[in-house]
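Enquirer: I would like to see how this sequence folds:
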Amino acid sequence: MVNQQMSDIEIKNSQTVHGESKEMESSSQDPNLESQTQESKSSPGPFKVIQSVLAAMIGIQSDKNRSRDFESGNIWHYIFVGIVMVAIFIFTIIAIVESALENAV
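Expert: Next comes the predicted model:
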């Protein structure tokens, strides 16, 4: 059992080329591979886009999610959500500063 898992890992590692892994032809060895492949081909939903933009803004975006975004996401969705989130952030900071200055006087 352990030897089979080790050989599967070695096969996957040997198929890695320039940081991109080739998908295995047979899904009988890894039943989760087919669901991962289908997930990466579909476009992420609005919640996933917002989640990815927020995670990227505060610097905690995982490599797996970043790869998913670049491979299957539409760049314009991320740009639009990013601009909206930055605008919300700026207006929130302005409101906080104005409130603090108003209370200080």
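Enquirer: what segments of the protein are strands?
Expert: Along the chain, counting by DSSP state E, strands occupy 16-17, 20-21.
Enquirer: count of neighbours near the closest residue to Val53 other than its chain neighbours?
Expert: Closest residue to Val53 apart from its sequence neighbours, by CB to CB, 6 or more residues apart in numbering: Val81 at 4.7 Å. Using the backbone N, CA and C atoms, a C-beta is placed for each residue, glycine as well. Neighbour count for Val81, taken as other CB atoms under 10 Å: 17.
Enquirer: which other helices and strands contact the lengthiest helix in the chain?
Expert: Using DSSP state H to define each element, the chain has its longest helix at helix 75-104. Contacts defined by 3 or more CB pairs under 8 Å, 6 or more residues apart in numbering; DSSP states H and E place helix 75-104 against helix 46-58.
Enquirer: who's in contact with the helix it packs on?
Expert: 44, 61-62, 65-66, 69, 73, 77-78, 81-82, 85-86, 89 (CB atoms under 8 Å, 6 or more residues apart in numbering).
Enquirer: buried stuff in it?
Expert: Neighbour-count burial for helix 46-58 flags 48-50, 52-53, 56 (criterion: 16 or more other CB atoms under 10 Å).
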